[in-house]
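In: Sequence and computational prediction follow.
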Amino acid sequence: MTLDNQQEERVRGAFAALTDFTPVGAEFDELTDVYIAPSVRPLVSSESQRGWLIAVAGAVVVLILGLLTVLTRETDPELSASAFTWSRVPYDEAVFGGSGAQSMSSVTVGGPGLVAVGSSWDGEEDRNVGVAVVWTSPDGVVWSRVPHDEAVFGGSVMSSVTAGGPGLVAVGEAGSDAAVWTSPDGVVWSRVPHDEAVFGGSGAQSMSSVTVGGPGLVAVGSSWEEDRTDVAAAVWTSPDGVNWSRVPHNKEIFGGAGFQNMQSVTVGGPGLVAVGSEDGGLEPGAAVWTSVDGITWSRVPHNKEIFGGEDSRQMQTDGAGRKAMNGVTAGGPGLVAVGSDGFDAAVWTSPDGVTWSRVPHDESVFGGATTQSMWSVTVASPGLVAVGGDSSGDDVAAAVWTSPDGVNWSRVPHNKEVFGGAGFQNMQGVTVGGPGLVAVGDAESDAAVWLAATED
């Protein structure tokens, strides 16, 4: 039998989990041999040992054949668009609604089961002023809204949440400063005290994404100069989610003329990989940064053929066709980033975080009459799932794409009852949890949750 590297590692891991005495570093071929712990050998007679060996060898064959069946299913492209059945969590005004606009931006496993974060602009005419909001769920189906505490959530926006630190860590912005919140259980939250040297500055600072990695946690985002003419990428690190440091600005890596922004960060490649966009005024496009430890960063050189550049449609729409990576995860050939290229959804892959390729455009998958964009991606059977929005019709609908390997993608057929009809629906975050997958976003100015259950 022939297995690729990923399959080999999964079989190796499964075998090791079932046998406490599998030698560390054993060759893969040796995994089909039976090892008897030295402490057991003196207790087993040669005749009984033979029967024991035959029984265990048979069990190993069954185990590997079973694993191969699962692995074959998970890499079957025919399953990529049909492995999940999507549904929309019924609307509850007390949980998802309000007098203004509510939106979920990120979701993670933690707390009572799942925790989502976002923002609410209840009756505020100025949408730049809102309050951070947290929602929790034991199963992805039944949701509760954490009661508002002005001292903790007021005048702020939560953009991303992850399990880490004392339990959960969320990041975003408060006023013109970056902001961090922590929680032991997803229900009781505290705002990390403001430190001007870390979270503030002469302009505006914002955290877009946070992950466990580096010295403990790493958050990425952007920093605006006071006159807002230039925007630089920015990184913060923490050993525990409570005590934070700002990575010193390096213009060659994080800045330059125009706009640079880190939108998402994940563990992968040389250590950590952050993705976003850059616009030096001449060739706006997607951008990638890498780090070994979360503190020392490098910028992947811009390649117009891969990361994008100006096109006529973008120039005609005054920047509306920006190329950008919005989400990244470890998966597929190594790493997979999703976002947009002009008016179409786009996917990039990399084996190491440094060398990147653009998945060839397929109009039936990534395109449409107007605008499609992917906002978040996660690893899940049958491989990867990306979520976003599609405004190909008269309105904007939520959209889902799936892939067995990060390279071959399919679009989940649109279902008006699930993904939207009149008005605006958009998925901004997705994670494995609940019945299979949980996606969050907004619909008709209210927070919204979608679920995907795996088919038998």
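Out: Structure's in. What do you need?

In: use CA for all of it now, contacts and neighbours both
Out: Fine.

In: buried residues in stretch 173-189?
Out: Using 16 or more other Cα atoms under 10 Å as the test for burial, stretch 173-189 gives 173-187, 189.

In: Contacts for it, please.
Out: By Cα atoms under 8 Å, 6 or more residues apart in numbering, the residues outside stretch 173-189 that reach it are 110-112, 115, 129, 134, 136, 146, 152, 155-159, 165-172, 190-192, 194, 199-201, 203-207, 241-242.

In: what is the rounded mean pLDDT of that stretch?
Out: The average of the pLDDT scores along stretch 173-189 is 97.

In: on that earlier part again, from the contacts of stretch 173-189, which ones fall inside helices?
Out: Judged by DSSP state H, helices contain the following of the contacts of stretch 173-189: 152, 199.

In: So among the contacts of stretch 173-189, which ones count as buried?
Out: 110-111, 115, 129, 134, 136, 152, 155-159, 165, 167-172, 190-192, 199-201, 204-207, 241-242.

In: Now for residue 345, how many residues are close by?
Out: 28 (other Cα atoms under 10 Å).

In: element containing it, please.
Out: Per DSSP states H and E, residue 345 falls inside strand 344-350.

In: quick one: the nearest residue to residue 141 once chain neighbours are set aside from residue 405, how far?
Out: Spatial nearest neighbour of residue 141, chain neighbours left out: residue 89 (6.3 Å); criterion: Cα to Cα, 6 or more residues apart in numbering. Distance of residue 89 to residue 405, given as Cα to Cα, to the nearest Å: 29 Å.

In: Could you do residue 399 as well?
Out: Note on residue 399: its distance to residue 405, by Cα to Cα, is 19 Å.

In: One more: residue 443?
Out: Distance, residue 443 to residue 405, using Cα to Cα: 30 Å.

In: ditto for residue 387
Out: Going from residue 387 to residue 405 by Cα to Cα gives 16 Å.

In: Same question for residue 214.
Out: For residue 214, the distance to residue 405 - Cα to Cα - is 27 Å.

In: neighbour-wise, which of the two wins?
Out: More crowded of residue 214 and residue 405, by other Cα under 10 Å: residue 405, with 22 against 19.

In: Quick one: classify the more buried one as helix, strand or coil.
Out: Classification of residue 405 by DSSP: H, G, I helix; E, B strand; the rest coil places it in coil.

In: quick revisit: quick one: strands adjacent to the next helix or strand after the strand holding residue 345?
Out: Once the chain leaves strand 344-350, the next helix or strand it forms, by DSSP H and E, is strand 357-358. In the sheet, strand 357-358 lines up against strand 344-350 (antiparallel) (DSSP bridges).

In: Mind listing residues that contact the partner strand?
Out: Residues outside strand 344-350 that contact it (Cα under 8 Å, 6+ apart) are 332-340, 356-359, 361, 366-368, 371-374, 406-407.

In: Grab the CA positions of that strand and hand them over as PDB.
Out: What follows is strand 344-350, C-alpha atoms only, in PDB (Å, rounded to 0.1, in the frame of the first residue of the first chain):
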ATOM      1  CA  ASP A 344     -13.500  37.300  -7.200                       C
ATOM      2  CA  ALA A 345     -12.700  34.900  -4.200                       C
ATOM      3  CA  ALA A 346      -9.200  33.700  -4.200                       C
ATOM      4  CA  VAL A 347      -7.000  31.000  -2.600                       C
ATOM      5  CA  TRP A 348      -3.300  30.800  -2.100                       C
ATOM      6  CA  THR A 349      -1.200  27.800  -0.900                       C
ATOM      7  CA  SER A 350       2.300  27.300   0.500                       C
END
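
In: Please, where are all the helices along the chain?
Out: Under the criterion DSSP H, the chain contains helices at 5-18, 46-74, 93-96, 150-153, 196-199, 251-254, 304-307, 312-316, 363-366, 416-419.

In: Pull the contacting residues for residue 435.
Out: 139, 140, 451, 452, 453, 454.

In: contacting residues around the fourth one?
Out: So the one you mean is residue 452. 84, 85, 86, 87, 435, 436, 437, 438.

In: gap between the third one and residue 410?
Out: Distance of residue 86 to residue 410, computed by Cα to Cα: 15 Å.

In: cool, the first one as well?
Out: Taking Cα to Cα as the measure, residue 84 and residue 410 are separated by 13 Å.

In: Looking at the record's assignment, how would you partition the protein?
Out: Split into domains by automatic domain parsing, the chain comes to 5-74, 85-454.

In: beta partners of the nearest residue to residue 173 once chain neighbours are set aside?
Out: Nearest residue to residue 173 in three dimensions, chain neighbours excluded: residue 179, at 4.7 Å (Cα to Cα, 6+ apart). Beta-bridge pairing for residue 179 (DSSP bridges): residue 172.

In: what does residue 291 give?
Out: As for beta bridges, residue 291 partners with residue 272, residue 297 under DSSP bridges.

In: State the distance from it to residue 272.
Out: Distance from residue 291 to residue 272, by Cα to Cα: 5 Å.

In: The two: which is more packed in?
Out: For residue 291 versus residue 272, neighbours defined as other Cα under 10 Å are more numerous around residue 272 (24 against 20).

In: Quick check: the more buried one touching residue 294?
Out: Yes. The criterion here is Cα atoms under 8 Å, and residue 272 meets it with residue 294 at 6.5 Å.

In: list the residues that contact both of the two?
Out: Counting by Cα under 8 Å, 6+ apart, the common neighbours of residue 272 and residue 294 are 213, 214.

In: Below-threshold pLDDT in the protein: ranges please.
Out: In the predicted model of the chain, residues 1-82, 122-129, 226-229, 280-283, 309-322, 382, 392-394, 421-422, 455-456 satisfy pLDDT under 70.

In: Not counting residues beside it along the chain, what's closest to residue 222?
Out: What sits nearest to residue 222 in space, not counting adjacent residues and going by Cα to Cα, 6+ apart, is residue 233, at 4.4 Å.
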